[in-house]
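A.B. asks: Here is a sequence with its predicted model. Questions after.
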Amino acid sequence: MSKAAIIGGGAAGMMAAVLLARRGCEVHLFEKNEKVGKKLYITGKGRCNLTNNCEQSDLLNHVISNPRFMYSAFSAFDAQDVMAFFANEGLDLKTERGNRVFPVSDKSSDVIRTLEKAMKKENVNVHLRTTVKKVVAEDYAPSEEAPEQESRKGGKKAAVGCACGVITEPGGFFPADAVLVASGGLSYPTTGSTGDGYRFAQETGHKVTECEPSLVPLLTAEDYIPEMQGLSLKNTGLTIKSGKKTVYSDFGEMMFTHNGVTGPMILSASAVISKQLKKGPLNAFLDLKPALTPEKLDARILRDFGESPNRQFRNVVSGLLPSSLVPVMIRLSGIPEDKRIHDITKEERLRFEGLVKNFPFTIIGKGDFKEAVITKGGVSVKDINPATMESKIVDRLYFIGEVIDVDALTGGFNLQIAWSTAYLAAMSV
């Protein structure tokens, strides 16, 4: 019986543990925390959006970094396979708006409990409060008599070793026939994601690309944004521009914070605009009434104005917008709040309508890792075989989940990456 060591008890680590054990492996999962699934517990605001119920092509379309690398993994284990896995383990699921899949209970703890039960049923050895300090790789030179192996490693004689175990604390050296690194990235460091996997990768000769927070709130320049802290907007249009070029557009939910904006639509934007934002601030615009064309909005406001010609401006527009947004809109419009409706000029009305359709703010940066849902960057995909998740440099060493330089938008796609890469590695071992 082969023996596998898995570093990390998150989504990818637990899924790989179950699948490896089912294939007859003796599986040992090492988790530095006092329990498994700490980051999984807070995903989806505690509800755990565990995948997206869409076709494989849609999964690939929502991957931002290195989508082609995920082709084999998604082909081997797609969203329907994930849903079937959890359903077979007794977890009831539901699909909500945007094809987002959640447990019926709306409790991420039920997802974790399902994986824990599956690991227990398959006799996975879970070592809690155990930190892996080092991945041990035996040095070897690729043999001229092993062209098959060299071809499998990508046609290169670059392999520097063969994984033979890990050094843990407590415990010391633990021998293994395969080592799977599933230690996550740098996001939410309080859950134990402190970049250990990147160190393991670098120590064994792998390249780690630049890491930065992603799916993270955005910071804004204007002083009027904090005035609306806590205000959530649904069914809102967002356009982000670099100069005259549109670099991102979407429709959905967002919220104002003490120093910027957040929410599903904003988090996804943070993943897309990262490169442009490094070059300087970006101009953003909210369409507060995307269901209305400029002509229909004008007709609506003319009707409201016609019904209350003697009322003050602030009292009439309060029926059009959320209360905490009204003072800001009035100030930006330049129309005195106590001005009577019958005194408002056409030019003033159209300027106000322009604000409704293009509410402006300036994006000057992103939140940090403690706020980030995922990490952008990681172990270079050039050093990993996409058909197996095995290293091209160290035999029997596998990388799965967030530790790899692959990331996606919100909606369950990042957890799908974790499940799919875990499956492919488990089948390959």
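C.D. replies: Received it, and whenever you're ready, just let me know what you need. It should be emphasised that the depicted structure is a prediction, and the values quoted were computed from it without experimental measurement. Numbers count the residues shown, from 1 in each chain.

A.B. asks: Leaving out chain neighbours, which residue sits closest to the residue of the chain positioned farthest from its centre?
C.D. replies: Most distant from the centre of the chain: Asn310, at 50.8 Å, with distances by C-alpha atoms, centre = their mean. Distances taken as C-beta to C-beta, 6 or more residues apart in numbering place Arg340 nearest to Asn310, at 6.1 Å, with adjacent residues excluded. The C-beta positions use only the backbone N, C-alpha and C, and glycine is treated the same way.

A.B. asks: got the contact list for that neighbour?
C.D. replies: Arg340 sits next to 309-313 when contact means C-beta atoms under 8 Å, 6 or more residues apart in numbering.

A.B. asks: What residues are bridge-paired with it?
C.D. replies: Per DSSP bridges, the residues bridged to Arg340 are Gln312.

A.B. asks: any idea of the mean pLDDT for stretch 381-401?
C.D. replies: For stretch 381-401, the mean per-residue pLDDT is 97.

A.B. asks: Likewise for stretch 342-350?
C.D. replies: On average, stretch 342-350 scores 96.

A.B. asks: what's the straight distance from one end of that stretch to the other?
C.D. replies: 15 Å (C-alpha to C-alpha, to the nearest Å).

A.B. asks: From Asn88, how far out is the closest residue to Val317 other than its chain neighbours?
C.D. replies: Among residues not flanking Val317 along the chain, Val326 sits closest, at 6.0 Å (C-beta to C-beta, 6+ apart). For Val326, the distance to Asn88 (C-beta to C-beta, to the nearest Å) stands at 52 Å.

A.B. asks: Have a look at the two and say which one is more surrounded.
C.D. replies: Using other C-beta atoms under 10 Å, the more surrounded residue of Val326 and Asn88 is Val326, with 18 against 9.

A.B. asks: That one reaches Val316, doesn't it?
C.D. replies: No - with contact defined as C-beta atoms under 8 Å, Val326 does not reach Val316; the gap is 10.2 Å.

A.B. asks: Pull up the overlap in contacts between these two.
C.D. replies: If you check Val326 and Val316 against C-beta under 8 Å, 6+ apart, no residue is contacted by both.

A.B. asks: Helices of the stretch 51-200 of the chain, start to end?
C.D. replies: 56-61, 71-76, 79-88, 108-121, 147-152, 196-203 (DSSP state H, counting those that start in this stretch).

A.B. asks: Tell me which of these lies nearest to Ile363.
C.D. replies: Ile363 sits nearest to helix 56-61 of all the helices of the stretch 51-200 of the chain, at 24.0 Å, using C-beta to C-beta.

A.B. asks: Which strands or helices does that closest one pack on?
C.D. replies: In terms of contacts (3 or more C-beta pairs under 8 Å, 6 or more residues apart in numbering; DSSP states H and E), helix 56-61 is packed against helix 71-76.

A.B. asks: which secondary structure elements does the helix it packs on contact?
C.D. replies: Using 3+ C-beta pairs under 8 Å, 6+ apart, helix 71-76 sits against helix 56-61, helix 413-428.

A.B. asks: could I get that helix in PDB with only the CA atoms?
C.D. replies: Written as PDB, here are the backbone C-alpha positions of helix 71-76 (Å, rounded to 0.1, in the frame of the first residue of the first chain):
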ATOM      1  CA  TYR A  71      -8.600  22.300 -18.900                       C
ATOM      2  CA  SER A  72      -7.700  18.800 -17.900                       C
ATOM      3  CA  ALA A  73      -8.700  19.300 -14.300                       C
ATOM      4  CA  PHE A  74     -12.100  20.600 -15.100                       C
ATOM      5  CA  SER A  75     -12.600  17.900 -17.700                       C
ATOM      6  CA  ALA A  76     -11.800  15.200 -15.100                       C
END
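
A.B. asks: follow-up on the earlier one: could you save the helices of the stretch 51-200 of the chain as CSV and add columns showing mean pLDDT and distance to Gly98?
C.D. replies: Output for the helices of the stretch 51-200 of the chain, formatted as CSV (pLDDT from 0 to 100; distance: least, C-beta to C-beta, whole Å):
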stretch, mean pLDDT, distance to Gly98
helix 56-61, 96, 11
helix 71-76, 98, 18
helix 79-88, 98, 13
helix 108-121, 98, 18
helix 147-152, 39, 39
helix 196-203, 96, 30
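
A.B. asks: mind putting those in TSV, distance to Gly354 included?
C.D. replies: Converted to TSV, these look like this (distance: least, C-beta to C-beta, whole Å):
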stretch	distance to Gly354
helix 56-61	33
helix 71-76	43
helix 79-88	41
helix 108-121	42
helix 147-152	60
helix 196-203	47
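
A.B. asks: For Val356, find the nearest of these.
C.D. replies: Closest among the helices of the stretch 51-200 of the chain, using C-beta to C-beta: helix 56-61, at 31.5 Å.

A.B. asks: mind checking how far the closest one is from the chain centre?
C.D. replies: Centre-to-centre, helix 56-61 and its host chain are 15 Å apart (C-alpha atoms, centre = their mean, to the nearest Å).
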